[in-house]
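A.B. asks: I'd like to go over a predicted model; first the sequence, then the structure.
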Amino acid sequence: MSFLNCTRGNVAYIFALLLPSFVFASGAAVEYNRAVTLKGRLQQSADSAALALAQGQLLEEKFTEDQAKDFLRATLSKEHDFTITTLSVEQPKSGSAIVTVDATVPTGFLSFFGLETLEINVVSESGYDEPKDLEFTVFIDRSPSMLIGATPADMDKIKIINEEMGEGPNCAFACHYTGRDSYTLTRTRGGATRLDAAKDATALLLNKALESDYADFATIYAEVRIFDEDVSIITDGTASQALTDLVNIVPQTEADMSGNKYAQTDFSKSMADLLQVGKQKAQTNTDRLNYAVLITDGVADYSWNGRKIEKFNPEKCNMIKNSDLKLAVIYTTYFPLYENNFYNVHVKPFENEIMPALKECASEGLFFEAEHAEDIDAAMQDILERALPRPVLKK
């Protein structure tokens, strides 16, 4: 009886009975942890492919479904611890993607218990997160100083025209009037000015926006205003409607320029107008992403106790940016004309202050200097890339 009543070895007996369970649980935990780690790697690869496929639709060269699969295979081939059983890439719509990967992970310890593989499944979906409509408000300086040739070839053509008119050599501005006018002659001879370049670049911006995948998810709006002594609205509506109105940016003759062939640049009016536009859009278009683009050479020339010529004043810019407008500034370089007495007297004293003043006005990363037409185009492309939202991973 004393032997039967003895309990001094019970712990050892119980431990011996439970040991197989402990070993199984420990081995299973190790195998499971390994499978979780490999699933994380699979998820990262699937996320990268889904984003690349969706975001690639915004680029000139599309990232295709086949390329996404090749990317996944190349990435996953570096992993030797699992076998891909299913690899699926879908695009329900441009700018979106669904990547599905199924795999099996071979087991070690668990195979002794009949479980030779563990299954892994990952799904990654990308697309636009609650897309908002996008609106561009473009303010274009239409004063005579914007009538310099759009390209070096155009500048040479205008210099010849001005010399023929007796305005002297080396003037590349199509803003002279002596019975005939250099502006009309420039257009007649197929020349282009910076104003033409600004119009064409605005069309490029709107066309590219409408061609983007984002236009399948949201509406693109555009408002275009020109300013010289006053501010005029060229168009205000959808981007597709605006494209048909852009022709009105460029006057056909010198006399068409605001009805005043000597119209000047009054930034106090134009910036006050832009500030009002910003406040209005902040109040009424809260469901839109609002971008403003100011295209100017940054030299004010207006009537105030005579003729006043000065650099751009950025004092209203912070108020404009605080109205939730992202403000891009394209500075069309005011070329120095040292052979011209008017330039030396009125502009040269502050020529080095023009660009810093305009740069201060722009939102961070949205200042651009453009010497010729192709530079304005490049700036508009950059603005569009920054403005267009990017697809994100959907959790």
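C.D. replies: Nice, thanks for sending it over.
A.B. asks: Now do the contacts for Phe173.
C.D. replies: 144-145, 147-148, 158, 162, 182 (CB atoms under 8 Å, 6 or more residues apart in numbering). Using the backbone N, CA and C atoms, a C-beta is placed for each residue, glycine as well.
A.B. asks: List the residues that contact Pro314.
C.D. replies: Under the criterion of CB under 8 Å, 6+ apart, the contact list for Pro314 reads 357-358, 360-361.
A.B. asks: Return the member of those nearest to Thr333.
C.D. replies: Distance to Thr333 across the contacts of Pro314 (CB to CB) is lowest for Leu358, with 10.5 Å.
A.B. asks: Now rank the contacts of Pro314 by neighbours and give me the top one.
C.D. replies: Top of these by neighbour number is Cys361, holding 26 neighbours under the definition other CB atoms under 10 Å.
A.B. asks: Skipping adjacent residues, who's closest to that residue in space?
C.D. replies: Cys317 (3.7 Å; CB to CB, 6 or more residues apart in numbering).
A.B. asks: go on, Asp213?
C.D. replies: Using CB to CB, 6+ apart, the nearest residue to Asp213 is Gly95, at 3.6 Å.
A.B. asks: Next: Glu135.
C.D. replies: Here the residue nearest Glu135, using CB to CB, 6+ apart, is Tyr221, at 4.0 Å.
A.B. asks: OK, contacts around that neighbour?
C.D. replies: Contacts here follow CB under 8 Å, 6+ apart; on that basis Tyr221 touches 133-136, 237-239, 288.
A.B. asks: helix/strand/coil for Tyr291?
C.D. replies: strand (DSSP: H, G, I helix; E, B strand; the rest coil).
A.B. asks: pLDDT weak spots in the chain?
C.D. replies: Residue ranges of the chain with pLDDT under 70: 1-28, 56-65, 68, 76-80, 109-113, 168, 176-180, 252-263, 395.
A.B. asks: what about the helices in it?
C.D. replies: All helices of the chain, identified by DSSP state H, fall at 10-56, 65-76, 152-164, 182-188, 194-211, 239-245, 267-284, 317-321, 341-346, 354-361, 373-387.
A.B. asks: May I see the buried residues of the third one?
C.D. replies: This points to helix 152-164. 154-155, 157-159, 161-162 (16 or more other CB atoms under 10 Å).
A.B. asks: who touches that helix?
C.D. replies: Contacts for helix 152-164 (CB under 8 Å, 6+ apart): 148-149, 168-174, 176, 182, 185-186, 189, 191-193, 372.
A.B. asks: May I see the buried residues of stretch 364-378?
C.D. replies: Applying 16+ other CB under 10 Å to stretch 364-378 flags 366-368, 370, 372-373, 375-377 as buried.
A.B. asks: So which of the contacts of Phe173 is the closest to Lys279?
C.D. replies: Among those, Ser145 lies closest to Lys279 (CB to CB), at 28.7 Å.
A.B. asks: Dump the C-alpha coordinates for stretch 300-311 into CSV.
C.D. replies: What follows is stretch 300-311, C-alpha atoms only, in CSV (Å, rounded to 0.1, in the frame of the first residue of the first chain):
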residue,chain,number,x,y,z
ALA,A,300,5.5,95.5,-63.4
ASP,A,301,4.9,98.4,-65.8
TYR,A,302,1.9,100.5,-65.0
SER,A,303,0.6,104.0,-64.7
TRP,A,304,1.0,105.7,-61.2
ASN,A,305,2.0,109.3,-61.1
GLY,A,306,3.4,108.7,-64.6
ARG,A,307,4.9,105.4,-65.6
LYS,A,308,6.0,103.0,-62.9
ILE,A,309,8.4,100.1,-63.6
GLU,A,310,9.4,97.8,-60.8
LYS,A,311,9.9,94.1,-59.9
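A.B. asks: Could you shift the numbering so residue one becomes 149, and keep it that way?
C.D. replies: Let's use 149 as the start, then, which means that last one is stretch 448-459.
A.B. asks: distance between it and the chain's centre?
C.D. replies: Stretch 448-459 sits 35 Å away from the centroid of its parent chain (CA atoms, centre = their mean, to the nearest Å).
A.B. asks: Flag every buried residue along it.
C.D. replies: 448-450, 457-459.
A.B. asks: Assess the claim that Ala298 and Arg342 are in contact.
C.D. replies: Yes: Ala298 lies in contact with Arg342 (CB atoms under 8 Å); the separation is 5.5 Å.
A.B. asks: Which one of those two is surrounded by more residues?
C.D. replies: Taking neighbours as other CB under 10 Å, Ala298 and Arg342 compare with Arg342 leading, 30 against 24.
A.B. asks: Not counting residues beside it along the chain, what's closest to that one?
C.D. replies: Met294 (4.9 Å).
A.B. asks: For the one you found, which residues are in contact?
C.D. replies: If you count contacts by CB under 8 Å, 6+ apart, then Met294 has 288, 341-343, 346, 444-445, 480 around it.
A.B. asks: Lys347 versus that one, what's the distance?
C.D. replies: Separation of Met294 from Lys347 (CB to CB, to the nearest Å): 11 Å.
A.B. asks: where do the contact lists of those two overlap?
C.D. replies: Joint contacts of Met294 and Lys347 (CB under 8 Å, 6+ apart) are Ile288.
A.B. asks: which one among the buried residues of helix 300-312 gets closest to Arg373?
C.D. replies: Asp302 (24.7 Å).
A.B. asks: ok, that closest one to His520 distance?
C.D. replies: For Asp302, the distance to His520 - CB to CB - is 9 Å.
A.B. asks: coming back round to it: output the helices of the chain in a markdown table, with distance to Ser380 appended to each entry.
C.D. replies: Converted to a markdown table, the helices of the chain look like this (distance: least, CB to CB, whole Å):
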| stretch | distance to Ser380 |
| --- | --- |
| helix 158-204 | 38 |
| helix 213-224 | 48 |
| helix 300-312 | 25 |
| helix 330-336 | 18 |
| helix 342-359 | 13 |
| helix 387-393 | 12 |
| helix 415-432 | 10 |
| helix 465-469 | 19 |
| helix 489-494 | 26 |
| helix 502-509 | 21 |
| helix 521-535 | 20 |
